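K.L.:
could you look at this predicted model? Sequence included:
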Amino acid sequence: MRLGTRTGLRWYAVAVAVVVVALGTTTYLGTAAGDDAVGHARTTAEPLAVAAENVYRALSDADATAAMVFLSGSQVQASGVQRYDQDVREVSSGLAAIGGQAGISQPSDTSHPGTPPTLRAAVNRLLADVPVYTGLVGTAQADARQDLPVGAAYLREASGLMRTDLLPSAQAVLRIETDRLAADAAAVRGPDTVLVVAAVTFAVLVPAQLFVARRTRRRFNLGLVATTVLVGVVTIWATAVSTAATDATAGARTHRQSADALVTTDLAVLQAHGDELLSLAARGEDVGSYEGDYQTVSARLGTLLAADQGPGIADAAAGFRDWKTAHGTLAQAASSPQADNTANVRALAQATGTQPGTGTLFTRVDGDVQGAIAGQEADFRAAIDTAGSDLRGLATGTAALIVVAFVAGAFGMNQRLKEYR
């Protein structure tokens with residue numbers, strides 16, 4: 001049955017309005033969601049992920065530094081004490097940032113309703129246990145300054161609390177915050193949906209113009225032509241920007257993954273050094289447990305360094321090989337029978353970095369890995385900024401064009417409908 005002209009114009013008018021609105025809605029919502037996600041990643045998720053990294057790293061470094069200060073005893077250097085105090089301050093500031101975002105300021109807080117229970121539990125545990133840890137370390141150091149052997153027991157208890165409670169909780173916080181950051185980076189979608197809706201829109205616009213041209217004996221309907229051109233502009237603009245932003249966020253995710261891998265490596269570096277120092281601090285009382293931990297972490301560290309990428313990693317790997325060699329010499333000297341305390345004093349000086357040895361090599365490796373982390377995180381921020389720059393203004397710009405396209409299409413169809421009243 002042949003469709004009447006008046007009826008056909010009405011149907012096509014409605015169809016054009018629907019598809020244009022659908023294209024505008026799809027483009028606006030998709031673009032706005034991506035823009036919001038990129039903004040959240042840049043201003044909230046990435047700083048919180050870095051804060052979680054700093055908490056984890058500061059706790060690990062505090063464990064090693066506390067052992068170094070303990071070993072120094074009454075000869076402790078101000079730099080060691082300052083480093084330990086700085087680690088504690090970084091833990092406190094990092095927890096304040098993470099807890100503030102989650103609505104947690106003390107262990108009894110229940111946090112915001114949207115805070116994941118695992119994050120709330122981990123932050124609450126850290127807030128409760130950090131003061132206990134610092135108290136044990138303070139007692140151990142006070143005993144060490146008086147050359148009281150009982151201090152080693154307090155240090156072992158503090159290190160046990162660190163490794164069984166504090167570090168696992170910090171790891172849980174870090175995993176949650178990095179997962180949130182990854183989710184933000186993955187929220188920027190490609191132009192596939194826009195292209196599908198745009199294809200449907202053109203599939204309506206073209207037949208509508210042909211129908212109008214045949215039935216009204218006019219070659220062009222300026223309103224529909226304007227609508228078609230504007231729909232084409234929106235489609236091309238949204239496709240180009242979405243593709244660029246998707247590529248930028250893909251690059252950001254790659255840099256973030258590399259940074260996360262390097263953070264894992266850096267934590268292994270700190271743990272290996274801590275095991276080394278705690279083994280010496282135990283003064284033969286740990287029956288090789290810390291040395292066994294060092295060997296386990298050392299093997300894992302070699303694998304991690306071989307897989308890592310970034311500037312300075314080759315230097316870190318070379319430094320780590322030298323460190324392992326120096327550690328073998330150190331462990332042998334510390335465990336061998338001694339006529340006097342000379343060898344033990346030399347081992348302590350080498351481990352704490354006051355003489356060339358494992359301590360200075362640790363500092364070298366740690367510095368190289370930290371430099372690589374900083375580079376990857378800077379590249380991540382640059383890529384996220386690029387994605388944000390690409391998306392900025394697209395949502396409002398395309399919405400404005402769609403409104404004009406809708407008005408032009410409605411005007412063009414209404415002009416023809418007036419002729420058939």
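P.N.:
Right, received. Where do you want to start?

K.L.:
how far away is Leu280 from Leu330?
P.N.:
Leu280 sits 8 Å away from Leu330, going by CB to CB, to the nearest Å. For every residue, glycine as well, the C-beta is placed using N, CA and C.

K.L.:
between those two, who's got more neighbours?
P.N.:
Using other CB atoms under 10 Å as the criterion, Leu280 and Leu330 rank with Leu280 on top: 26 against 23.

K.L.:
surely that one meets Gly357?
P.N.:
No - using CB atoms under 8 Å, Leu280 makes no contact with Gly357, being 11.7 Å away.

K.L.:
overlap of the contact sets of the two?
P.N.:
By CB atoms under 8 Å, 6 or more residues apart in numbering, Leu280 and Gly357 have these common neighbours: Ala351.

K.L.:
so which elements touch whichever strand or helix holds Phe202?
P.N.:
Secondary-structure assignment from DSSP states H and E places Phe202 in helix 192-216. Contacts defined by 3 or more CB pairs under 8 Å, 6 or more residues apart in numbering; DSSP states H and E place helix 192-216 against helix 5-40, helix 222-281, helix 394-418.

K.L.:
what comes into contact with it?
P.N.:
By CB under 8 Å, 6+ apart, the list of residues contacting helix 192-216 reads 5, 8-9, 12, 15-16, 19-20, 22-23, 26-27, 30, 218-221, 224-225, 227-228, 231, 234-235, 238-239, 242, 412-413, 416, 419.

K.L.:
quick check: mean pLDDT of that helix?
P.N.:
The average of the pLDDT scores along helix 192-216 is 87.

K.L.:
got the contact list for Val365?
P.N.:
Val365 makes contact with 269, 316, 319-320, 323, according to CB under 8 Å, 6+ apart.

K.L.:
for Arg392, what are phi and psi?
P.N.:
Backbone torsions of Arg392, given as degrees, to the nearest 10, read phi -60, psi 130.

K.L.:
check the burial of it by counting its neighbours.
P.N.:
Arg392 sits with 16 neighbouring residues when counted by other CB under 10 Å.

K.L.:
for it, give me its contacts.
P.N.:
Arg392 touches Asp35, counting by CB under 8 Å, 6+ apart.

K.L.:
Tyr56 - nearest residue in space that isn't next to it in sequence?
P.N.:
Nearest non-adjacent residue to Tyr56, counting by CB to CB, 6 or more residues apart in numbering: Ala170, 4.2 Å away.

K.L.:
quick check: buried residues in whatever helix or strand that neighbour lives in?
P.N.:
Element membership for Ala170 (DSSP H and E) is helix 167-186. Buried positions in helix 167-186, judged by neighbour count with 16 or more other CB atoms under 10 Å: 167, 169-178, 180-182, 184-185.

K.L.:
how many residues are close by the residue lying closest to Ser242 once chain neighbours are set aside?
P.N.:
Leaving out its chain neighbours, the residue that sits closest to Ser242 by CB to CB, 6+ apart is Pro191, at 4.1 Å. When neighbours are defined as other CB under 10 Å, Pro191 has 20 of them.

K.L.:
re the thing from before, so which elements touch the helix holding Ala170?
P.N.:
Judged by 3+ CB pairs under 8 Å, 6+ apart, the packing partners of helix 167-186 are helix 5-40, helix 46-72, helix 117-145, helix 222-281.

K.L.:
what are the buried residues along the third one?
P.N.:
Burial within helix 117-145, assessed by neighbour count using 16+ other CB under 10 Å, is assigned to 119-120, 122-127, 129-130, 133-134, 136-137, 139-141, 143-145.

K.L.:
how big is the angle separating the following helix or strand past that helix from helix 117-145?
P.N.:
Next helix or strand after helix 117-145 toward the C-terminus (DSSP H and E): helix 151-161. Interaxial angle of helix 151-161 relative to helix 117-145 (axes from the mean of the first three to the mean of the last three CA atoms, to 10 degrees): 170 degrees.

K.L.:
could you say what helices and strands helix 151-161 packs with?
P.N.:
helix 46-72, helix 117-145, helix 222-281.

K.L.:
and the gap between the residue nearest in space to the middle of the chain and Ala67?
P.N.:
The residue lying closest to the centre of the chain (CA atoms, centre = their mean) is Thr178, at 4.1 Å. Going from Thr178 to Ala67 by CB to CB gives 28 Å.

K.L.:
equivalent analysis for Gly94, please.
P.N.:
Applying CB to CB, the value for Gly94 to Ala67 is 22 Å.

K.L.:
between those two, point out the one with more neighbours.
P.N.:
For Gly94 and Ala67, the more surrounded residue by other CB under 10 Å is Ala67, and the numbers stand at 31 against 24.

K.L.:
separation between the closest residue to that one other than its chain neighbours and Tyr133?
P.N.:
Excluding the flanking residues, the one nearest Ala67 by CB to CB, 6+ apart is Leu277, at 3.7 Å. The gap separating Leu277 from Tyr133 is 16 Å, by CB to CB.

K.L.:
check which residues of stretch 208-224 are buried.
P.N.:
208-209, 211-212, 215, 221, 223-224.

K.L.:
and stretch 372-388, by the same measure?
P.N.:
Within stretch 372-388, the residues that count as buried by 16+ other CB under 10 Å are 372-373, 375-377, 379-381, 383-384, 386-388.
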